[in-house]
Structure formats: structure tokens, C-alpha cells
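# Sequence first, then the predicted structure, then my questions.
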Amino acid sequence: MVKVGVVGATGYAGAELVRLLARHPQVTLEVLTSQSYAGKAMWEVFPHFYGVVENKLEELNTAELVARCDVIFTALPHGHAMPIAQEVTRQGKKLIDLGADFRLKDVATYQQWYKTEHTATALLDGAVYGLPELHREKIKHSAIVANPGCYPTCTILGLAPLLTNQLIDPATIIVDAKSGVSGAGRGLSLKTHFTETTNNFQAYGVATHRHTPEMEQELTALADTTITINFTPHLTPMIRGILSTIYAQMTRQMSSAELTEIYRDFYQGETFVRVLPAGMYPATKNVAGSNYCDLSVTVDPRTGRVIVLSAIDNLIKGAAGQAVQNLNVLLGCPENTGLDFVGIYP
Ligand SMILES: NC(=O)C1=CN([C@@H]2O[C@H](COP(=O)(O)OP(=O)(O)OC[C@H]3O[C@@H](n4cnc5c(N)ncnc54)[C@H](OP(=O)(O)O)[C@@H]3O)[C@@H](O)[C@H]2O)C=CC1
Ligand SMILES: CC(=O)N[C@@H](CCC(=O)OP(=O)(O)O)C(=O)O
């Protein structure tokens, strides 16, 4: 059995990770940490774990945590995974970081967008962007896996076949994305409280969201040419889910059916990417509670633009499920181990 630690087990992403890892056949939950609830049982904070997860929440002691575990997951605000990563590499263990600390390869870009000094820059080169559908081989051999952000997961999977096959003008990409409120985490804030979010639908981070450089980095690598995008996230009054609607100008004429075939070829053999048949469109309800990313692709012959729809559960394929998928890649076990379920409907 592989001993794992979850740092930040009491956040939405961390708790979802604990739920998945508790039923993973190759894993023992060795350490769960919390800064606010140390000393309490996990089920005292989250009663849905009563009778299932017996672990007590512990204060973070980095050296001891790393010594006790084979794989460490960090589900912390950005900036906090860096010292843990240093210790993980010192002790020759593995880290899967659900935050943003190792996603951006360029230090100046990280510091500009996150307004935080990067204190583990020597580790950036060795870290791999943990989108298994694109970087599986590198993930297998990496000590640090940077689990992607939720919007980037949804968007990059939606655009990868188009850019790899040079089917769109890369200067014309527009990403219009909507997220449920759990994407903002469990901490209390004006932005996420009930009366602000219910019966409301609003954009935020317009032209300034931190996921923009992350998407641009990965899309640029796929296209082999510098890509800048327009990305507008929106908050919707639901708990889970992201739907990205992505537009771009096609560089050659093609029908929706032909393009759908290209997507099917690109994602052939991928358990967690479902390219929907003509006439079916992704919806957050169809992926909620599962590790799937559902995609549809439609060409509008009047404008020559393609419209990609991409849906995920932000807490699963956008965070905890993808982290478990990355663990499975590291362990060399089937990627759907511990993730072999469909979503919850309705
Ligand atoms: N929510 C989502 O959909 C997604 C989240 N992520 C990323 O995952 C990470 C966790 O997000 P999420 O679960 O939503 O956040 P939450 O706010 O729900 O949880 C944050 C966690 O970090 C701990 N924490 C907060 N501040 C500190 C600190 N100063 N020192 C140590 N621990 C701290 C909290 O501990 P305690 O409860 O003990 O105070 C809690 O366990 C973030 O980097 C986020 O960006 C990535 C993709 C999607
Ligand atoms: C609805 C909402 O607020 N969503 C979050 C997405 C969080 C996420 O994916 O986290 P990282 O910080 O790890 O990139 C946001 O827009 O910041």
C-alpha cells in the first residue's frame, strides 16, 4: 500500500481528495493536516466521513509528514506548497500540488500574476504540468506534479485537438467560462455568500484572471506559436461544475461531423474525455461527481468559427479527481483506479 498525506484536508479540494483516496485500493491515508482543526477527527469537521475516515487532523510538520508518506498532496492556497516541495525532493518522495505554485514555468509570470515571491525556483524545471491526457509520459517520472487549475483543465482539453492539428487561427481564441461557487473554496467571503450568489450571474476577473497565463503557457506549447487569449470567467449559482464555451476562427472549411471525428481520434483511449455525438452538448450536471470532461465541437458555416463546449466538475476533473488520476500515472496502475464511477444525477 502507498502511504499518502493530504495537506489542507479541510478545504473543498482536500476533502474531496480524502473522499476519493479513502476508497482507493492501493492507498493508505497516513496523514491529514489542517491549520484550523488540528486535533479533531476528520469526521468531526465533515460528518459525511463518519464511520469511514478515522484519521485525526494533524498540524503540519513538514519533515515528519514527508518522512511518513510516499506521496504528498498539497491542497493549500498558492505560495504554501513551495517549502513542502523542497522537503519532498530532499527526501526523494513525490508531490502532487493542487495549487498554482508549480504550474507556471516562468518565475516572473508567476510573481506578476500571483503577487507572491517564488521561493523554490530550482524545482520548477523538474515539475510537470499534470494534465495526464497531454503529459502522461513526463508525469510518470516526475517528483513534482503541478495539478492544473480547473478552468485550464476544461479549456485546454477543449482546444488541444484544434491547435495540435493547426485547424484554427490561434489569435482568435475566446474562452467564456462559468463556474460553480465551490471553485472559490470553503473560506467565507462576500463574493461567495448566499445572497450574493443566489439569483445572480456575474463575470469576475475580466481580463485579469490568474488562469490566463496558465492556459496560454499550455496552448502555446501545443500550437508551437505564442498564444494570447481572451478569457472571461463567470460565477453561477450552482455548487459544482464548469462549462467553457470556446470560440475560434477555423483556418479551413470543415463540417462539425468531420471535426468531431478528429476529436475522437485525438482522445481515442482516453477514459476521462468523452467526445459527445452530434446533437449532444456538455452540461455540468452530466459530469458532476465524476472525473469526466465532456466535449462537443460545432462549426458554424455562416461565420467559419468553431464552438467548443467543455464541461467538468471543478472539484473532480478540475482538482481532486485529476490529482488521483496523476497518482495512478505515478504508480503505474490503471488511470481509473479509484475513479471508476459516473456522476450524480439529478
Ligand atoms: N475549489 C476548487 O474547485 C479548486 C481548487 N484548487 C486549488 O486547490 C487549493 C485548495 O483550494 P480549496 O480547497 O478550494 O480551498 P479552501 O479554502 O476550501 O481550503 C483551503 C485549505 O488550505 C488550508 N489553509 C488555508 N490557509 C492556510 C495557511 N495560511 N496555512 C496552511 N493551510 C492553510 C485550509 O486549512 P483550514 O481549513 O485548517 O483552515 C484548508 O484546508 C488552492 O490552491 C486552490 O486554488 C484547484 C482547482 C480547483
Ligand atoms: C469560482 C472561483 O472562484 N474559482 C476559482 C478557481 C480556483 C482554482 O482553480 O484554483 P487555483 O488558484 O488553484 O488555480 C477562481 O476563479 O480563482
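Now that the structure is in, tell me what you want to look at. Quick caveat, the model's predicted, so the values are computed rather than measured. Ligands and ions are numbered 1, 2, ... in the order given.
# what's the residue of the chain found nearest ligand 1 sitting at in phi/psi?
Nearest residue of the chain to ligand 1: residue 11, at 2.0 Å (CB to the nearest ligand atom). (Each C-beta comes from the backbone N, C-alpha and C, glycine too.) The phi/psi pair for residue 11 (degrees, to the nearest 10) reads phi -90, psi 170.
# is it true that it touches residue 184?
No: Residue 11 is beyond contact range of residue 184, at 10.9 Å (criterion: CB atoms under 8 Å).
# where does the residue of the chain positioned farthest from its centre fall, phi/psi-wise?
In the chain, counting by CA atoms, centre = their mean, residue 302 sits farthest out from the average C-alpha position, at 34.2 Å. Main-chain torsions, residue 302, degrees, to the nearest 10: phi -70, psi -30.
# Enumerate the residues of the protein near ligand 2.
78, 99-100, 149-150, 179, 183-184, 211, 233, 235 (CB under 6 Å from any ligand atom).
# Out of those residues, list just those in helices.
Counted as lying in helices by DSSP state H, out of the residues of the chain next to ligand 2, are 150, 211.
# can you pick the most crowded of the residues of the chain next to ligand 2?
residue 150 (29 neighbours; other CB atoms under 10 Å).
# Roughly how far does that residue sit from residue 268?
Distance, residue 150 to residue 268, using CB to CB, to the nearest Å: 25 Å.
# wait, doesn't residue 76 sit right on residue 9?
No: in this structure, residue 76 is not within contact of residue 9 by CB under 8 Å, at 10.3 Å.
# Who has more neighbours out of those two?
With neighbours defined as other CB under 10 Å, residue 76 and residue 9 compare such that residue 9 has more, 27 against 21.
# pretty sure the more buried one is touching residue 36, no?
No: Residue 9 is beyond contact range of residue 36, at 11.1 Å (criterion: CB under 8 Å).
# tell me, how many neighbours does the residue of the chain closest to ligand 1 end up with?
Counted with other CB under 10 Å, residue 11 comes out at 20.
# dump the residue contacts of it.
The contact partners of residue 11, taken as CB atoms under 8 Å, 6 or more residues apart in numbering, are 75-76, 185-186.
# One more: residue 228?
Residue 228 makes contact with 171, 216 under the criterion CB under 8 Å, 6+ apart.
# which of the contacts of residue 11 come close to ligand 1?
75-76, 185-186.
# Which segments of the protein make up each domain?
Annotated domains of the chain cover 2-126, 151-314 [automatic domain parsing].
# and those as a markdown table, adding distance to residue 328?
Listed next are the domains of the chain as a markdown table, based on distance: least, CB to CB, whole Å:
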| stretch | distance to residue 328 |
| --- | --- |
| domain 2-126 | 9 |
| domain 151-314 | 10 |
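# Verify the contact between residue 59 and residue 33 for me.
Yes: contact criterion CB under 8 Å: residue 59 and residue 33 qualify, at 6.7 Å.
# These two - which one has more neighbours?
The residue with more neighbours, out of residue 59 and residue 33, is residue 33; 24 against 12, by other CB under 10 Å.
# For that one, list each beta-bridge partner.
For residue 33, the beta-bridge partners are residue 7, residue 58 (DSSP bridges).
# Next, the contact list for it, please.
For residue 33, the contact set (CB under 8 Å, 6+ apart) comprises 5-9, 57-60, 65.
# State the pair within those residues that is farthest apart.
Farthest-apart pair in those is 6 and 59; separation 13.8 Å (CB to CB).
# So what does the residue nearest the centre of the chain look like in phi/psi?
Centroid-nearest residue in the chain, with CA atoms, centre = their mean: residue 318, separated by 3.1 Å. Backbone torsions of residue 318, given as degrees, to the nearest 10, read phi -80, psi 0.
# Run through the residues that contact it.
Contacts for residue 318 (CB under 8 Å, 6+ apart) come out as 148-151, 153-154, 183, 242, 312.
# Excluding chain neighbours, what is closest to it?
Closest residue in space to residue 318, ignoring its immediate chain neighbours: residue 150 at 3.1 Å, by CB to CB, 6 or more residues apart in numbering.
# So that neighbour versus residue 301, what's the distance?
Applying CB to CB, the value for residue 150 to residue 301 is 32 Å.
# On the pLDDT front, check the residue of the chain closest to ligand 1 for me.
Looking at residue 11, its pLDDT is 98.
# Residue 225 too?
95.
# got a list of what it touches?
Residue 225 touches residue 170, counting by CB under 8 Å, 6+ apart.
# Also residue 273?
So, once contact is read as CB under 8 Å, 6+ apart, residue 273 ends up touching 133, 157, 267, 292-293, 295.
# Among these, which ones are in helices?
Using DSSP H, 133, 157 are the members of those that sit in helices.
# tell me which of the contacts of residue 273 is nearest to residue 85?
Comparing the contacts of residue 273 against residue 85 with CB to CB picks out residue 133 as the nearest, at 23.8 Å.
# In this structure that closest one contacts residue 266, no?
No: shown here, residue 133 and residue 266 do not form a contact pair, counting by CB under 8 Å, at 9.1 Å.
# Alright, I will stop here.
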